[in-house]
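Engineer: sequence plus predicted model, see below.
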Protein chains: 2
Amino acid sequence: MTSVARGRPQASSCDTLAEAACELFLEQGYDATTVADITRRAGVSRSTFFNYFDGKAATIWFALDCFLAEASTTHRLAPMAAHLAENPPHTLALAIANAEAMGVTFELATGRAQRQAELATLITERIHTTGDPLLAEITGAAYAAAIFAGIWRWAERGAGSHRLDTIIAEALAVARRSGLADRPGRGDLRVAV
Amino acid sequence: MTSVARGRPQASSCDTLAEAACELFLEQGYDATTVADITRRAGVSRSTFFNYFDGKAATIWFALDCFLAEASTTHRLAPMAAHLAENPPHTLALAIANAEAMGVTFELATGRAQRQAELATLITERIHTTGDPLLAEITGAAYAAAIFAGIWRWAERGAGSHRLDTIIAEALAVARRSGLADRPGRGDLRVAV
DNA sequence: TGCAGTTAATGGATCGAGTACAACAAATAG
DNA sequence: CTATTTGTTGTACTCGATCCATTAACTGCA
């Protein structure tokens, strides 16, 4: 299925660049680190950077963004969480745990808001049923908040000591117990574990 | 109480600049409109722009941002909604209603995510009680989603035909009926109308 | 009238993110 | 050895945003 590589091989990778970026964030801070700095350390040109990332901020988020990209094609939350737990967002966890030292507090807030909203609309579309669309939107926001709260808790307590998927499952259970309906419409989303 | 104006009078205002900006967004689109374009039309220098706004995007959001700034010092949601209804965010409503034409679809999404998250943490802090902090976070996100959904519905149906505060009150009622507790801890927040 | 103090506008310089693109390099298939 | 594909590199450019020294407009007081 996977065809043989054609053309010039890639000179770097998202992981390499992200790692270089995180190192520099720790050393100099996020704002003081330029894209040129990152590529210099990674051993590629500045232009190349934008073949791997949309921008500087994406170095922190790309693992989670992959998850969200997949999530947009999947209908069940539980397998998604499991898959995320298998490919945990290292760089994000590092950034959350060392937010002040890296100077990424602001970027973490904006980036999270962005992606949590994305996930919220995703869930809302899935649970959109015969009922009030407003309620669907509220419910989507609540479950998205639960998932992201879980990710943050997991990262704050040193990603690795606990399993990410169980933490997310617990958070979803809390949301479920709150009384918010999670019954899907035509889709077959199950937010419970 | 209000002392007499001292020093050089202001050559412009947030409203003037925001109006000029919205005009240009409609004519040329958001991306094609530079800050220099806006200040040229408003009759001030480019530097002056940044005495009034943090950036280009703020021209759309400043009315709502004022509301959020006040909200951070208030403990009750209902009076806040009433005050917002008295000073409705014109430029934001215009942007929502003409998102495609103005090319602000992306900026609206990111800007909303940002501010909705801000409001969510604000509410979360208020309802933080003896119970699970995770539940407080989920509830805060749900109520914030309700409020913003209300604002959007209000703007989409031609801001003015309906009262903003009643729409928000209805949205909050939906969130309340969903089963999410809105009982405050030490604070005295009341999310109901 | 003139001077001091205050507040705001202005112009210029600078930085850095992000985009565009043409030229070049490294691989494969035949 | 050539055509094709894919990726890298350097360059130039736009624009948002910040900084800062200078200048302008206004008030209050002598």
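Structural biologist: Yep, it's here.

Engineer: list the contacts of the closest residue to A:Pro89 other than its chain neighbours.
Structural biologist: Setting aside the residues directly before and after it, A:Pro89 is nearest to A:Ala63 in space (CB to CB, 6 or more residues apart in numbering or on different chains), at 3.6 Å. Quick note: C-beta positions are derived from backbone N, CA and C, even for glycine. Counting by CB atoms under 8 Å, 6 or more residues apart in numbering or on different chains, A:Ala63 makes contact with A:Asn87, A:Pro88, A:Pro89, A:His90, A:Thr91, A:Leu92.

Engineer: repeat that with 10 Å
Structural biologist: Taking CB atoms under 10 Å, 6 or more residues apart in numbering or on different chains, we find A:Ala63 in contact with A:Cys14, A:Asp15, A:Ala18, A:Leu84, A:Asn87, A:Pro88, A:Pro89, A:His90, A:Thr91, A:Leu92, A:Ala93.

Engineer: sec struct for it, please.
Structural biologist: Secondary structure state of A:Ala63, per DSSP: H, G, I helix; E, B strand; the rest coil, is helix.

Engineer: try A:Leu108
Structural biologist: helix.

Engineer: measure stretch A:122-134 end to end?
Structural biologist: End-to-end span of stretch A:122-134 (CA to CA, to the nearest Å): 14 Å.

Engineer: any idea which helix or strand carries the spatially closest residue to A:Ala71 that is not a sequence neighbour?
Structural biologist: Distances taken as CB to CB, 6+ apart put A:Met80 closest to A:Ala71, at 5.2 Å, once the chain neighbours are dropped. Taking DSSP states H and E as the definition, one finds A:Met80 inside helix A:77-86.

Engineer: next, the buried residues of that helix.
Structural biologist: For helix A:77-86, a neighbour-count test (16 or more other CB atoms under 10 Å in any protein chain shown) marks A:Leu77, A:Ala78, A:Met80, A:Ala81, A:Ala82, A:Leu84, A:Ala85 as buried.

Engineer: gap between it and the chain center?
Structural biologist: 12 Å (CA atoms, centre = their mean, to the nearest Å).

Engineer: list of residues touching that helix?
Structural biologist: A:63-64, A:66-68, A:70-71, A:74, A:76, A:119, A:122-123, A:126, A:143, A:147, A:150-151, A:154, A:163-169, A:171-172, A:182, A:189-193.

Engineer: hmm, back to that, and the furthest pair within the buried residues of helix A:77-86?
Structural biologist: Spanning the widest gap among the buried residues of helix A:77-86 are A:Leu77 and A:Ala85, at 12.5 Å by CB to CB.

Engineer: before we move on, the earlier item: any idea which of the contacts of A:Ala63 is closest to B:Asp31?
Structural biologist: Closest to B:Asp31, out of all of the contacts of A:Ala63 and judged by CB to CB, is A:Cys14, at 27.0 Å.

Engineer: number of residues surrounding the closest one?
Structural biologist: Counted with other CB atoms under 10 Å in any protein chain shown, residues neighbouring A:Cys14 total 16.

Engineer: how far away is it from DNA strand D?
Structural biologist: The spacing between A:Cys14 and DNA strand D, counted by CB to the nearest atom of the strand, to the nearest Å, is 11 Å.

Engineer: quick one: that residue and A:Cys66 touch, right?
Structural biologist: Yes: using CB atoms under 10 Å, A:Cys14 makes contact with A:Cys66 at a distance of 9.2 Å.

Engineer: around DNA strand D, which positions in chain A sit nearby?
Structural biologist: A:6-12, A:44-48, A:51 (CB under 7 Å from any atom of the strand).

Engineer: if you rank these by neighbours, which is first?
Structural biologist: That'd be A:Val44 among those, by other CB under 10 Å, with 19 neighbours.

Engineer: from chain B, how far off is that one?
Structural biologist: 29 Å (CB to the nearest CB, to the nearest Å).

Engineer: over to A:Ala85?
Structural biologist: For A:Ala85 relative to chain B (CB to the nearest CB), the value is 18 Å.

Engineer: excluding chain neighbours, what is closest to that residue?
Structural biologist: A:Asp165 (3.6 Å).

Engineer: would you list the phi and psi of that neighbour?
Structural biologist: A:Asp165 adopts backbone torsions of phi -70, psi -30, taken as degrees, to the nearest 10.

Engineer: list the contacts for it?
Structural biologist: So A:Asp165 contacts A:78-86, A:88, A:150, A:154, A:193 (CB under 10 Å, 6+ apart).

Engineer: of those residues, closest to chain B?
Structural biologist: A:Gly150 (8.2 Å; CB to the nearest CB).

Engineer: show the backbone phi and psi for that closest one.
Structural biologist: When quoted as degrees, to the nearest 10, the phi and psi of A:Gly150 stand at phi -60, psi -50.

Engineer: which residues touch it?
Structural biologist: Taking CB under 10 Å, 6+ apart as the test, what A:Gly150 contacts is A:81, A:164-172, A:174-175, B:134.

Engineer: which of these fall in helices?
Structural biologist: A:81, A:164-172, A:174-175, B:134 (DSSP state H).

Engineer: for DNA strand C, what's the nearest residue on chain A?
Structural biologist: A:Gly55 (2.8 Å; CB to the nearest atom of the strand).

Engineer: A:Ile138 and A:Ala175 touch, don't they?
Structural biologist: No: using CB under 10 Å, A:Ile138 makes no contact with A:Ala175, being 11.4 Å away.

Engineer: count the neighbours of the nearest residue to A:Met102 once chain neighbours are set aside for me.
Structural biologist: Leaving out its chain neighbours, the residue that sits closest to A:Met102 by CB to CB, 6+ apart is A:Phe25, at 4.1 Å. By other CB under 10 Å, the residues close to A:Phe25 number 27.

Engineer: tell me which element A:Phe25 falls in.
Structural biologist: With DSSP H and E as criterion, A:Phe25 is part of helix A:14-28.

Engineer: equivalent analysis for A:Leu92, please.
Structural biologist: Per DSSP H and E: helix A:90-97 holds A:Leu92.

Engineer: relative to A:Thr39, how far out is the closest residue to A:Leu94 other than its chain neighbours?
Structural biologist: Excluding the flanking residues, the one nearest A:Leu94 by CB to CB, 6+ apart is A:Cys22, at 5.7 Å. Counting by CB to CB, to the nearest Å, the gap between A:Cys22 and A:Thr39 amounts to 14 Å.
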